[in-house]
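S.K.: sequence and predicted structure below; questions after.
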Amino acid sequence: MRKIVIIGNGISGVTAARHLRKMGDDKILLISDESDAFFSRTALMYVYMGHMKFEHTYPYEEEFWNQNKIERLRGRVDKIDPTNKTLILADKQNIDYDVLIIATGSMPNRYGWPGEHLQGVQGLYHKQDLEALEASTPKIDRAVIVGGGLIGVELAEMLVSRGKKVTFLVRETAFWNGVLPHEEASIIGDHIKKHGIDLRLSTELKEIISDDNGSVAGVVTHSGEQIPCQWVGLAAGVSPNIGFLTKSIIETDRGVLVDRHLKTNLPDIYAIGDCAQQRHPLEGRPSVEAVWYTGRIMGETVAQTIMGMPKEYNPGQWFNSAKFFDIEYQTYGRVHTQKQKNEQHLYWSANNKALRIAYDKSSQRVLGIHSLGIRLRHDCIDQWLNEGKAYEYVIKHLQEALFDPELYRSPVQHIKQTFNTQLAV
Amino acid sequence: MTSKTRNTYFFFGAMQAVLGLLVLTTSLFNKNSQNWLLFVALTLIVLGGIFYTHALYDRTLPGIKNNGVWHKGLSNRGWSAWLLGVVLTAFYVALYWYPETLGYNSQGNNSGLVGFFDSLSLLLNGKPASQWFVYGTLYTLAILVFGYKFLHKYRHNRYQVVRTISVMFFQLGFAFLIPEILSKLNPQYAYFDMDLKNMWPLDYDFFYDWHLNNQLDSGSLGMFMLLFGLLMVVLISPILTYFFGKRWYCSWVCGCGGLAETAGDPFRQLSSKKKWVWKLERWSVHLVLFFVTVMTLAVLYSYLEKNNNLLGITQDQFVYGSIGLIVLVMAVIYGFKRKALNKDALITLGTLGTIVLALIVMNHTADANQLFFVNSYKLREWYGFGIGAAFSGVIGVGFYPILGSRVWCRFGCPMAAVLGLQQRLFSKFRITTNGGQCISCGNCSVYCEMGIDVRAYAQRGEHIVRSSCVGCGICSAVCPRGVLKLENVATEIRMKNSGLIMNNPSDLLGELKKTL
């Protein structure tokens, strides 16, 4: 019976623990500095908005952990000693392991902005971030959010729900423009403004200014404009949370470097989830993927390898989803903002809904599909992408891929007409 | 609407509704005798509800409106919730056991609140009001006013809109207006239930002797209601449940469901999702099912004793006929669905078996007045008091602000148990989980009024086929990632899960490793 220690009890670490237990009787220990039990990070915003209580974010009841003999320890790992197979915790406690999984997730990015460590400047990732925001809330009249991505828009929605004024600084010319093509990005941008957010596109943060007590008093943008505020949300992406490994012999780059089996350079040490970086990224995928789903898949994959059934990380077709205030977004396969060679798009939109199909001009194969305000059937589109269906097939069968609730009016007829017109040109 | 006019609307609406309710309350003390005042009060309540709704939602964009639900005392068991619970409970206690405090007088003229409703009752059914008329009117009003609010809250979701119009329609037309008008047109008939959508065993007095007698004495109308009632139980309901799941009844038609989905909506999140509560639910709902079935059969058994001419059926024939029918149902289930039986279904099967045993005991121990060594009329008195009144009324609605809106439907309703077994085993209905898109956020579980831990299935990529699901569709509505869809699918693929999460399916209440 080995002792398998997992640092981090997020979706990756916990998925690994569950699958290890499912397949064997090794001792399993989850160490977390953040929380006693696994909670759903994605639900933090709903706790702040009053849709849920924090206890609702626990996907498993308390008895689950004892029942399945998954031990938990609250503590911070300061150092890994791979030669002695020991972890040294901040409270000087030593913990031995036979197999180690690093699943420490991410940290919000800070780019060295002047004032970024003032009281009232934070990101939103950890449970403690939510607590800090809750503590700051009574003092906030206006908040400034920096960074036009998913966390930024979540923060904006959260603060508005509590009656705060929000200024949202986005460096790009349109919201989340790195991922969303211009048309979709403008739909979301307009929608954000409709919710009363002061959205500033093409605007960068220059510095954060302090009041006499070391708290935020305002921000200055690149154009020199001063915006008084009592709170600043940093939402300019995340990076692997691997600060505690800087002096170790575990090889790191941006994240912990792993091979396709999620192994690090040292035997019996693995890394999964947001903190892992693929030495040889899969074709068309970034080396660090900080997404809920990939964390889950890595957790499952690493468990199989550790249980003696070596399995390569193979996440299949890319998929993701998000919600921007009232508009849901789903994406499958790859739709590039900057069209790749031979990539062609079909695009439809109406009333805050949009659908885009990317296909390869020469083979006619569909490369990806994404939608705003329309739910799509994962199984169906995954199969189409795997089978390399041509765009004609996909358009013809689009109705089958619709996942909107019953009785919704289907936009398919309208979409088909639009696409056919586009194809005729 | 600017925020100033919004606040004015808000205030105006709330004040109107309060004033209307105040008029109703003062009538308790016999202060209001003018007929027109009732119409003014009811109009104020309706207009108040309309203004209030528009103040709440007009300025907002279409979308989910759950901001602050757990921050507000009323929807998070604060003092206002307890106060409301006490007031509602007191009203139900008065209604069921002390109607005279509401002014009801069976001997002479009504006074107080009931008397206040005489004019409306005379207009609709030609008789002075009873406490039940007052209750029916207020109940319908609540479904209409809060239904209007719900329609605006979920205006972006067509499933919710159509479903809500349906419950409002069935309450106003089938439960309220049609029976009242039919009894006005047929004043010669003694009372019997004329709500076509009512169904045994929820409508537990359908087979009571007085009810059958009144139906049989009421010409073709009575006969129609009797036959339609039987048809509902044996044919209409199984067919509709096969195609749509039990939602066709529980969240589209049923009056209890109608109130829960409208007036109860602000409290849906209070239902407990703990596993032990699920276990409790299984036991309690089946106990009620057992009790109501045995009680009904016992009442019919005694009825045959006195009316042995009814269709020429003897007591023995009746008992063994019923046993035969139940055994046939069990055999069909076992024969076709052996492999699909989960614990919910097994317990329902066990309940049916126990009912058979009870019937045999009954037939062998019965003498002239005693069944199970007690009078069958005592049995039904207990049921009426314990289940019909205390459980479905006092706890079922009175405790909305504390236990959530579906306490009765979840722990008590025998109809829900019957439809639930069918939904689990013989139906096309399921909630489809969309591949691997679940992020375990838990909104679906929080807003499930039936206390189903929807997330537990969705995060494993499993479809949801649960006896207790009433198909309200709110889990699908609140899901931020488009993961859940209520669907009627071919029965062969109903239980086939997506492969996009690599987990194995599991019985959530099963043993150790299965829950992983």
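M.R.: Received, thanks. The structure presented is a predicted model; accordingly, all values stated were derived computationally and were not measured.
S.K.: residue B:322 contacts residue B:359, correct?
M.R.: Yes: look at residue B:322 against residue B:359 with Cβ atoms under 8 Å: they come within range, at 6.1 Å. Glycine gets a C-beta too; all of them are placed from N, C-alpha and C.
S.K.: shared neighbours of those two, anything?
M.R.: When Cβ atoms under 8 Å, 6 or more residues apart in numbering or on different chains defines a contact, the residues bordering residue B:322 and residue B:359 alike are residue B:297.
S.K.: can you tell me the closest non-neighbouring residue to the residue nearest in space to the middle of chain A?
M.R.: By Cα atoms, centre = their mean, the mean C-alpha position of chain A lies nearest to residue A:291, the distance being 3.8 Å. Taking Cβ to Cβ, 6 or more residues apart in numbering or on different chains, and ignoring the residues beside it in sequence, residue A:291 has residue A:320 as its nearest neighbour in space, at 6.0 Å.
S.K.: centre of the chain to the strand or helix carrying that neighbour, how far?
M.R.: Assigned by DSSP states H and E, residue A:320 belongs to strand A:319-324. Counting by Cα atoms, centre = their mean, to the nearest Å, strand A:319-324 is centred 9 Å from the centre of its parent chain.
S.K.: chain B contacts on the stretch 101-250 of chain A?
M.R.: The stretch 101-250 of chain A comes close to chain B at residues A:161, A:191, A:194, A:195, as judged by Cβ under 8 Å from any Cβ of the partner chain.
S.K.: reformat those as CSV; add pLDDT and distance to residue B:58.
M.R.: Compiled in CSV, these are given as follows (pLDDT from 0 to 100; distance: Cβ to Cβ, whole Å):
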residue, pLDDT, distance to residue B:58
A:161, 97, 18
A:191, 97, 18
A:194, 97, 14
A:195, 97, 15
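S.K.: mind checking which of the residues you listed are buried?
M.R.: In terms of neighbour count (16 or more other Cβ atoms under 10 Å in any protein chain shown), the buried residues within those are A:161, A:191, A:195.
S.K.: just the pLDDT for residue 66.
M.R.: With no chain named, the answer covers chain A. Looking at residue A:66, its pLDDT stands at 94.
S.K.: you answered for a different chain; I wanted chain B.
M.R.: Residue B:66 is assigned a pLDDT of 97 by the prediction.
S.K.: which residues does it contact?
M.R.: Taking Cβ under 8 Å, 6+ apart as the criterion, residue B:66 is in contact with A:49, A:50, A:51, B:447, B:478.
S.K.: can you pull the residues of the stretch 151-300 of chain B lying near chain A?
M.R.: Taking Cβ under 8 Å from any Cβ, the part of the stretch 151-300 of chain B that reaches chain A is made up of B:156, B:157, B:158, B:159, B:162, B:274, B:275.
S.K.: of those residues, just the buried ones, ChimeraX syntax please.
M.R.: Only the buried members of these enter the following ChimeraX selection, criterion being 16+ other Cβ under 10 Å:
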select /B:156,157,159,275
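S.K.: which one of the residues of the stretch 151-300 of chain B next to chain A sits closest to residue B:194?
M.R.: Minimum separation from residue B:194 among these (Cβ to Cβ) is found for residue B:162, which lies at 26.0 Å.
S.K.: let me see the contact set for the closest residue to the closest one other than its chain neighbours.
M.R.: Spatially, and ignoring its direct neighbours in sequence, residue B:162 is nearest to residue A:407 (5.4 Å; Cβ to Cβ, 6+ apart). Taking Cβ under 8 Å, 6+ apart, we find residue A:407 in contact with B:158, B:159, B:162.
S.K.: among those residues, which are in helices?
M.R.: Counting by DSSP state H, the contacts of residue A:407 place B:158, B:159, B:162 in helices.
S.K.: can I get those residues in a markdown table with pLDDT?
M.R.: Shown next, in a markdown table, are these (pLDDT from 0 to 100):
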| residue | pLDDT |
| --- | --- |
| B:158 | 98 |
| B:159 | 98 |
| B:162 | 98 |
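S.K.: so which of the residues you listed is the closest to residue B:141?
M.R.: For the ones in helices among the contacts of residue A:407, the minimum distance to residue B:141 (Cβ to Cβ) is 21.7 Å, reached by residue B:162.
S.K.: in the stretch 51-200 of chain B, what residue lies closest to chain A?
M.R.: With distances taken as Cβ to the nearest Cβ, the stretch 51-200 of chain B approaches chain A most closely at residue B:63, which sits 3.2 Å away.
S.K.: state the distance from the closest residue to chain A within the stretch 401-516 of chain B to residue A:214.
M.R.: Distance from chain A to each residue of the stretch 401-516 of chain B (Cβ to the nearest Cβ) is smallest for residue B:435, at 2.6 Å. Between residue B:435 and residue A:214 the distance is 48 Å, computed by Cβ to Cβ, to the nearest Å.
S.K.: and these two? Which one has more around it.
M.R.: The residue with more neighbours, out of residue B:435 and residue A:214, is residue B:435; 24 against 12, by other Cβ atoms under 10 Å in any protein chain shown.
S.K.: which residue ranges form the helices in the stretch 251-400 of chain A?
M.R.: A:292-306, A:378-387, A:391-396, A:398-401 (DSSP state H, counting those that start in this stretch).
S.K.: of the ones you listed, flag the one that's most buried.
M.R.: Of the helices of the stretch 251-400 of chain A, the one with the most neighbours on average (mean count of other Cβ atoms under 10 Å in any protein chain shown) is helix A:292-306, at a mean of 25.
S.K.: now the closest residue to chain B within chain A. Nearest residue, chain neighbours left out?
M.R.: Of chain A, the residue with the smallest distance to chain B, taken as Cβ to the nearest Cβ, is residue A:378 at 2.6 Å. The spatial neighbour of residue A:378 that comes closest, neighbours along the chain excluded (Cβ to Cβ, 6+ apart), is residue B:435 at 2.6 Å.
S.K.: OK, contacts around residue A:26?
M.R.: Contacts here follow Cβ under 8 Å, 6+ apart; on that basis residue A:26 touches A:1, A:2, A:3, A:4, A:20, A:99.
S.K.: correct me if wrong: the first one contacts residue A:25.
M.R.: Which is residue A:1. Yes: using Cβ under 8 Å, residue A:1 makes contact with residue A:25 at a distance of 6.2 Å.
S.K.: tell me where the stretch 51-200 of chain A has helices.
M.R.: Listed in chain order (using DSSP H, counting those that start in this stretch), the helices of the stretch 51-200 of chain A are A:63-67, A:127-136, A:150-161, A:182-194.
S.K.: tell me the most buried of these?
M.R.: Of all the helices of the stretch 51-200 of chain A, helix A:150-161 has the most neighbours on average by mean count of other Cβ under 10 Å, namely a mean of 24.
S.K.: how about the helices in the stretch 301-450 of chain B?
M.R.: Taking DSSP H, counting those that start in this stretch as the criterion, the stretch 301-450 of chain B carries its helices at B:315-337, B:343-365, B:376-383, B:400-403, B:407, B:414-425, B:443-446.
S.K.: now do stretch B:155-162: distance to the chain's middle.
M.R.: Averaging C-alpha coordinates over stretch B:155-162 and over its chain gives two centres that are 21 Å apart (Cα atoms, centre = their mean).
S.K.: nothing else from me, thank you.
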